[in-house]
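Q: Need a 3D model of the following:
(chains A and B)
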Amino acid sequence: MTEAELKALMLAGLAGDTASHARLLAALAPRLRAYFARRLGTHTGAAEDLVQDTLLAIHLKRGLYDRSQPLMPWVHAIARYKLVDAWRRSGRRRTEALDEVDELVAEDTADATMARRDLGVLLARLPRRQQALLHDVRIEGLSMAEAADRHGISVTAVKVTLHRSLKALQALVGGDRSTSDGELEP
Amino acid sequence: MNTDDLITILAEDARPIRDGVVPRRLASFAGAGLCASVLLMLAWLPPRPDLQHAVQGLIFWEKSLYTLSFAVVGALAVERLARPGGRAPATAPAILALAVGLMAAAAAIGLWQAGPELRVQLWLGDSFQVCSLRIVALAVPLLITTLAATRSLAPTRLRAAGAAAGLLAGGLSASVYALHCPESAPAFIVCWYSLGMLTSAAIGAALGPFALRWR
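A: Below you'll find the model as predicted:
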């Protein structure tokens, strides 16, 4: 369903059409489920709680939707707020760092050749094991388990190494070469 | 609960919604805060003795226009920031800059025309020690109601929304304080009135991330 179709359902719902409102919420639920599942690692009960919490907020706050604006940014802002709020309440703001690796890995598959070439230049600056793992997972597209097999280390070790090398890469991209904790070869 | 069941329940609850929820909520809460602020001032500070005369002059209205422009900017910004994903409109900082620029220009002209021995008097007036603090004190009831109104909506940029609510509160409280304060030099107003109003905005920004969390 497109933005225009979803927005039309929202507007009809605001006018009191319960069937349109139900169709809107039913259409948003799987999108929210994917959004939260991606950010909370796997499809857990926590993700489904957030789906329900967000649907409830969308319903209760629909009077705050500005009818001249697109709908999905509004929905996204609520979902993001609920996600951050959930992290804050469970007191693990930034411990999702390891999960983030999977997400970054997954998102990189869509990158263009240009980015791949840049990555090659940057990869050359990393320690050999990090280079090899990044190459296997990010460029060749191996899963974490396959990469772990190939290098004879645990999946956790793969995650930790990838996380370190992504941080190091981030520092390189940011032009900050001094904060790499000696993980980079000279 | 099953998510599909939840959707069914929510859909049955879908009544028609009138447009304009946000401005109505903000106006009613800010109105209540304004009444409280006026009552607080009347109980604490007398209106300026020459008020009846002053409202016929230009200076009183220039001053009020200045403080009200801060309130308008705060209101425009919080009207957007109280909604999910809302951002302050681009016109908000422009209006603020225009108001401050005009008052600063008037202050510069006033100071330039005055003799060197009078300049400090124009800037400090008779009440610079208390002016900003009193504006902040009169802003307290307004801060409570504007923050409560914002929280009852659904802000997602809590610090910015708090700052905007605080600016609205500060602009209104400075306008209330002008009913008491007889200072008229632009150099005084652009410094001490602005300081009071911006302090109110800073308090709102500091409280925002805690006070504006909604569920």
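
Q: those helices in chain A, which residues are they?
A: Under the criterion DSSP state H, helices of chain A are mapped to A:3-14, A:18-39, A:45-60, A:71-89, A:97-108, A:113-123, A:128-134, A:144-151, A:155-173.

Q: Grab the nearest non-local neighbour of whichever residue of chain B sits closest to chain A.
A: Nearest to chain A, among the residues of chain B, is residue B:85, at 3.0 Å (C-beta to the nearest C-beta). C-beta coordinates here come from the backbone N, C-alpha and C atoms, glycine included. In space, and not counting its chain neighbours, residue B:85 is closest to residue A:77: 3.0 Å by C-beta to C-beta, 6 or more residues apart in numbering or on different chains.

Q: try residue B:16
A: residue A:16 (3.5 Å).

Q: Could you measure from residue A:155 over to residue A:38?
A: Residue A:155 sits 19 Å away from residue A:38, going by C-beta to C-beta, to the nearest Å.

Q: For the host helix or strand of residue B:74, list every residue counted as buried.
A: Assigned by DSSP states H and E, residue B:74 falls within helix B:58-81. Of the residues in helix B:58-81, B:60, B:63, B:66-81 count as buried by neighbour count, 16 or more other C-beta atoms under 10 Å in any protein chain shown.

Q: So what's the gap between the helix or strand following that helix and the chain middle?
A: Moving toward the C-terminus from helix B:58-81, the next helix or strand (DSSP H and E) is helix B:91-113. How far helix B:91-113 lies from its chain's middle: 18 Å, per C-alpha atoms, centre = their mean, to the nearest Å.

Q: Repeat that for stretch B:30-39.
A: Distance, centroid of stretch B:30-39 to centroid of chain: 12 Å (C-alpha atoms, centre = their mean).

Q: which parts of it are buried?
A: B:30, B:32-34, B:36-38.

Q: any idea how far the residue most central in space within chain B is from residue B:124?
A: For chain B, the residue nearest the mean C-alpha position is residue B:168 (2.5 Å; C-alpha atoms, centre = their mean). Remark: distance between residue B:168 and residue B:124 (C-beta to C-beta) = 28 Å.

Q: tell me which parts of chain B are close to chain A?
A: By the rule C-beta under 8 Å from any C-beta of the partner chain, the part of chain B lying against chain A is B:1, B:3-4, B:6-8, B:10-19, B:21-22, B:82-86, B:153-154, B:156, B:213, B:215.

Q: List only buried entries from those residues.
A: Applying 16+ other C-beta under 10 Å to the residues of chain B next to chain A flags B:3, B:6-7, B:10-11, B:14, B:17, B:21-22, B:82-86, B:153-154, B:156 as buried.

Q: Tell me where the model's unsure across the chain.
A: No chain in the question, so chain A it is. By pLDDT under 70, the low-scoring segments of chain A are A:41-44, A:92-125, A:138-141, A:156, A:160, A:163, A:166-186.

Q: switch to chain B, that's the one I care about
A: Across chain B (using pLDDT under 70), the flagged ranges come out as B:1.

Q: in it, which spans are helices?
A: Using DSSP H, helices in chain B cover B:3-12, B:21-44, B:51-54, B:58-81, B:91-113, B:116-124, B:128-152, B:158-177, B:186-188, B:194-211.

Q: Domain boundaries for chain A, per the record?
A: Listed domain ranges for chain A are A:3-89, A:97-173 (source: automatic domain parsing).

Q: Mean neighbour count, those domains: which tops it?
A: domain A:3-89 (a mean of 18; mean count of other C-beta atoms under 10 Å in any protein chain shown).

Q: And for stretch B:204-215, what's in contact with it?
A: A:85, B:143, B:146-147, B:150-155, B:158-167, B:169 (C-beta atoms under 8 Å, 6 or more residues apart in numbering or on different chains).

Q: Oops, could you answer that again for stretch B:10-22 instead?
A: A:13-19, A:21-22, A:25, A:55-56, A:59, A:62-64, A:67, B:79, B:82-83, B:153.

Q: can we see that at 6 Å?
A: When contacts are defined by C-beta atoms under 6 Å, 6 or more residues apart in numbering or on different chains, stretch B:10-22 is touched by residues A:13-16, A:18, A:21-22, A:59, A:63-64, B:79, B:82.

Q: In this structure the residue nearest to residue B:85 contacts residue B:86, no?
A: No - using C-beta atoms under 6 Å, residue A:77 makes no contact with residue B:86, being 7.9 Å away.

Q: Around chain B, which positions in chain A sit nearby?
A: A:13-16, A:18, A:21-22, A:25-26, A:29, A:51-52, A:59, A:61, A:63-64, A:73-74, A:77-78, A:81 (C-beta under 6 Å from any C-beta of the partner chain).

Q: and with 8 Å instead?
A: Going by C-beta under 8 Å from any C-beta, the residues of chain A near chain B are A:13-19, A:21-22, A:25-26, A:29, A:48, A:51-52, A:55-57, A:59, A:61-67, A:73-74, A:76-78, A:80-81, A:85.

Q: OK, contacts around the closest residue to chain B within chain A?
A: Of all residues in chain A, residue A:77 sits closest to chain B, at 3.0 Å by C-beta to the nearest C-beta. Neighbour list for residue A:77: B:84-86, B:156 [criterion: C-beta under 8 Å, 6+ apart].

Q: Number of residues surrounding residue B:41?
A: Burial of residue B:41 is recorded as 19 neighbouring residues (other C-beta atoms under 10 Å in any protein chain shown).

Q: cool, residue A:91 as well?
A: 7.

Q: And residue B:197, by the same measure?
A: Residues near residue B:197, counting by other C-beta under 10 Å: 31.

Q: Please tell me how far it sits from residue B:123.
A: Distance of residue B:197 to residue B:123, computed by C-beta to C-beta: 18 Å.

Q: Please apply the same query to residue B:89.
A: 33 Å.

Q: So for the two, which sits in the more crowded spot?
A: A count of neighbours by other C-beta under 10 Å puts residue B:123 above the other of residue B:89 and residue B:123, at 19 against 15.
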